[in-house]
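Student: take a look and give me a structure for this.
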Amino acid sequence: MARRLVPVSFLLALGAAPLAAQVIPAEGRWRVLIHATDPDAQPMRGELRLADSAGELSGTLRPETDSGPPLPLSRARRPAPDSIDLERLAQGPLALVGRWNGIAWAGPVTRAGRTLGRWEAVALDEGEEFYPAPPSFILRQTLLGSPARATRVPGPWLAAARARLDSLVRREEHGERWLLGLVERREWRDGLARDLARLRSRVEGEEQARFDALFGSPAGWVVDLHDAALLAARRRRPTAASSDWAPALAASGLAPPGAGEPELLEAAWRLWSLADADSAAFRLRLEAVRAADPTGGGLPAMLQAYEQAAAWHLEATAFLARLLDPVREPARLALAPIGAPGTLPAGALDPALAGRLVVPANWEGEGWLARHGAAGLTRAISRLVPEYGEAAVVDLGEGRLTLAEPAAELRDGRLGVTRTVRYDPGEAPLLAALRVVAAMERARLLTAWWARPAAEPAGTTIFLPDPEPHLADGMAELAADLAADGLPWAARANATRRALVADRAVAERSALGLALVRALADGLGHTALDQTREVVAGLGYDWSAVATRPALARAWVEWRDAPAGELPPGRGPMLLPELHFEVESGAPRVTAVRVHSFQ
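Tutor: Numbering: from 1, shown residues only. Predicted structure coming up:
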């Protein structure tokens, strides 16, 4: 806690003057605590600001019980050099008389001549974070999710899509290990190198120089995390090889004795990933290694090499994602080492959307938001735990709605669109960049979907509907396919990845969604992703008129008599009720839950 002390030079200048004659500086910012005469009552906090102009005091006082911004003092004077006399009339008059005790101003507090207790004020630095009352906010009621009914697809569109399905999925014998370059590694690296060479031929000047700095050249490509880790290890010891780590990785239990290079590289990546994904399991693995070899068996050097390789991977993937993205949007990436390839929602509020979703409920909330911004709101909302009890499902006359948890909606990227993509670096940057492009397109579609008139606020409720799941997956996959155009190995990876989705329903949805979107784009003659996105976002959940468009009727003429079909619904409608919450010492707490009618 900062203390407002009298400067030594000031004391020396006064010489032998008595303490009572010293003029104590009062200007600045002060933390106020008012203690009631009742010993069981909680002290009341406040903030005092004083300015001194040629000996004339002025300022504001904000007790925690006030509403609105701090109110000016109606009286601020010095009865003596070491005392102050303050009064504020609005929102409950208060009179404070205080004397400097060497650490704080202290004295009695009165209201209309009646003693309320005693007060004290200690100095606050201007940049110190302090609020008289807990910053309070309102998270507005939000309708999320999708209709509970199935989506009806016109027959010609569905048939045109199904005719494309077989060409969009490829099943590799070794599946995920092939994607990770852990089987047929030489052939896999050669395929990636050829795609990198094709990409290099598309750029020139500074962009080509950056490409060469990241990936090397045809004489020695650096294609994935393992190549970069070995390169980093060889900067320290030119003869370094993955076999150097074999005893330690075997001792860790992640590689069998006598493992070959692919198994060693996989074990090295999984061990490095454990440090982030599961620190307790990581420590157990290290202890097993040290039990076999107190020196660590080269493991510290290996982990350091993979740490350096991960930094390279992040930079390389961001470069390629921008290069490959059909709309050339710069990618903002963050590593998420989870030991499995893929992308994860960043779980952040878009700053523009944050202003619609969350409003400050008091003056302190306004100050807190100015200091912490959307990033601070993200952290607060991610820790909100409302207690719905038996009211976890409500009926507002529009059907039964499940109450949503704000942290889960935020984590899944449904409370805001962010262009930050978190990903695991287990795949080569070229393949990871395709996933990033898909994730970025998903975010762009979400923005467009929410921009439709049907997504406008209505009274007390904000509407943030989910895009239709097949179309959302289809647009993401279309962006990834366009990014891989002219890159055979990357295109093969896209088709393989679609066949590897663990959830069979999601795998079918991704492939069929891509087929639907491709049939739509081809039928309309689209050459740009933006064109297709605009059409898809405008469809909503009623697709009955799609096949009647002249261009599509001509394109799908051979399937004009095909029967319509239905797609399974999304997650159904969800309601995030209005949540009142406050943030005290960085910890958010829900203070009220309210459910409003949509009318």
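
Student: got a list of what residue 169 touches?
Tutor: Shown in contact with residue 169 (Cβ atoms under 8 Å, 6 or more residues apart in numbering): 495, 498-499, 511. Any C-beta I mention is one placed from the backbone N, CA and C, and that applies to glycine too.

Student: no, scratch that, I was asking about residue 344
Tutor: The neighbours of residue 344, taking Cβ under 8 Å, 6+ apart as the test, are 336, 338, 422-423.

Student: which among those end up buried?
Tutor: The neighbour-count test (16 or more other Cβ atoms under 10 Å) marks 336, 338, 422-423 as buried among the contacts of residue 344.

Student: mind listing the helices for the stretch 351-500 of the chain?
Tutor: 351-357, 363-381, 406-411, 429-450, 469-483, 488-499 (DSSP state H, counting those that start in this stretch).

Student: tell me which residues are up against the third one.
Tutor: Spelled out, it's helix 406-411. Helix 406-411 is contacted from outside by 139, 144, 345, 347-349, 378, 381-386, 415-416, 574, 576, 579, using Cβ under 8 Å, 6+ apart.

Student: shaky segments in the stretch 251-400 of the chain?
Tutor: Across the stretch 251-400 of the chain, the ranges flagged by pLDDT under 70 are 390-391, 396-398.

Student: actually the stretch 401-550 of the chain, not the one I typed
Tutor: The model of the stretch 401-550 of the chain has pLDDT under 70 over residues 453-459, 502-505, 507.

Student: hang on, the earlier thing: turn the contacts of residue 344 into JSON lines, columns for distance to residue 262.
Tutor: Shown next, in JSON lines, are those (distance: Cβ to Cβ, whole Å):
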{"residue": "336", "distance to residue 262": "23"}
{"residue": "338", "distance to residue 262": "20"}
{"residue": "422", "distance to residue 262": "26"}
{"residue": "423", "distance to residue 262": "22"}
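
Student: tell me the one among these nearest to residue 353.
Tutor: Using Cβ to Cβ, residue 422 comes nearest to residue 353 of the contacts of residue 344, at 19.0 Å.

Student: list the contacts of the residue nearest to the closest one when sequence neighbours are not counted.
Tutor: In this structure, residue 422 finds its nearest non-sequential neighbour in residue 336, 3.9 Å apart by Cβ to Cβ, 6 or more residues apart in numbering. By Cβ under 8 Å, 6+ apart, residue 336 lies in contact with 276, 344, 422-424.

Student: can you check residue 306 too?
Tutor: Applying Cβ under 8 Å, 6+ apart, the residues contacting residue 306 are 225, 229, 268-269, 272.

Student: repeat the analysis, applying 6 Å as the threshold.
Tutor: Neighbour list for residue 306: 229, 272 [criterion: Cβ atoms under 6 Å, 6 or more residues apart in numbering].

Student: and after the helix or strand that contains it, which helix or strand comes next?
Tutor: Using DSSP states H and E, the element containing residue 306 is helix 299-324. Toward the C-terminal end, the helix or strand that comes next after helix 299-324 (DSSP H and E) is strand 332-335.

Student: and that next one, what does it pack onto?
Tutor: Helices and strands touching strand 332-335, by 3 or more Cβ pairs under 6 Å, 6 or more residues apart in numbering; DSSP states H and E, are helix 299-324, strand 420-423.

Student: next, the angle helix 488-499 makes with the longest one.
Tutor: Same thing as helix 299-324. 100 degrees (axes from the mean of the first three to the mean of the last three Cα atoms, to 10 degrees).

Student: buried stuff in helix 299-324?
Tutor: Neighbour counts using 16+ other Cβ under 10 Å place 299, 301-303, 305-306, 308-310, 312-314, 316-324 of helix 299-324 among the buried residues.

Student: quick check: residue 247 touching residue 297?
Tutor: Yes: with contacts counted by Cβ atoms under 6 Å, residue 247 reaches residue 297, the gap being 5.1 Å.

Student: more crowded one of these two?
Tutor: Between residue 247 and residue 297, residue 297 has the larger neighbour count (other Cβ atoms under 10 Å), namely 21 against 17.

Student: nearest residue to the more buried one other than its sequence neighbours?
Tutor: Residue 297's closest residue in space is residue 248 (Cβ to Cβ, 6+ apart), at 3.2 Å.

Student: how about that neighbour, secondary structure?
Tutor: Secondary structure for residue 248, judged by DSSP: H, G, I helix; E, B strand; the rest coil, is helix.

Student: surely it touches residue 302?
Tutor: No: Residue 248 lies out of contact with residue 302 (Cβ under 6 Å); the separation is 7.4 Å.

Student: hang on, the earlier thing: off-centre distance for the helix holding residue 306?
Tutor: With Cα atoms, centre = their mean, to the nearest Å as the basis, helix 299-324 stands 21 Å off its chain's centre.

Student: got it, and stretch 380-398?
Tutor: Stretch 380-398 sits 22 Å away from the centroid of its parent chain (Cα atoms, centre = their mean).

Student: export the contacts of residue 336 to a markdown table and tack on distance to residue 41?
Tutor: Conversion of the contacts of residue 336 to a markdown table gives the following (distance: Cβ to Cβ, whole Å):
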| residue | distance to residue 41 |
| --- | --- |
| 276 | 48 |
| 344 | 49 |
| 422 | 48 |
| 423 | 54 |
| 424 | 55 |
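
Student: and which of those is nearest to residue 452?
Tutor: Nearest to residue 452 among these, with distances taken as Cβ to Cβ, is residue 344, at 26.8 Å.

Student: helix or strand: which one has that closest one?
Tutor: Residue 344 is part of strand 343-345 when elements are defined by DSSP H and E.

Student: what lines up beside that strand in the sheet?
Tutor: Within its sheet, strand 343-345 is paired with strand 420-423 (antiparallel), according to DSSP bridges.

Student: mind checking how far residue 94 is from residue 206?
Tutor: As for residue 94, its distance to residue 206 is 65 Å (criterion: Cβ to Cβ, to the nearest Å).

Student: the more surrounded of the two?
Tutor: Neighbour count, other Cβ under 10 Å: between residue 94 and residue 206, residue 94 has more, with 21 against 8.

Student: so which of the helices and strands packed on strand 332-335 is nearest residue 42?
Tutor: Relative to residue 42, the nearest member of those by Cβ to Cβ is strand 420-423, separated by 41.6 Å.

Student: what lies in contact with that closest one?
Tutor: Contacts for strand 420-423 (Cβ under 6 Å, 6+ apart): 332-334, 336, 343-344, 346, 432, 436, 439.

Student: which of the buried ones among the contacts of residue 344 lies closest to residue 192?
Tutor: Distances from residue 192 to those, taken by Cβ to Cβ, are shortest for residue 423, at 17.3 Å.

Student: against residue 447, how distant is the closest one?
Tutor: 20 Å.

Student: again with residue 335
Tutor: As judged by Cβ to Cβ, residue 335 and residue 447 stand 25 Å apart.

Student: again, but for residue 369
Tutor: Counting by Cβ to Cβ, the gap from residue 369 to residue 447 is 23 Å.

Student: thank you, goodbye.
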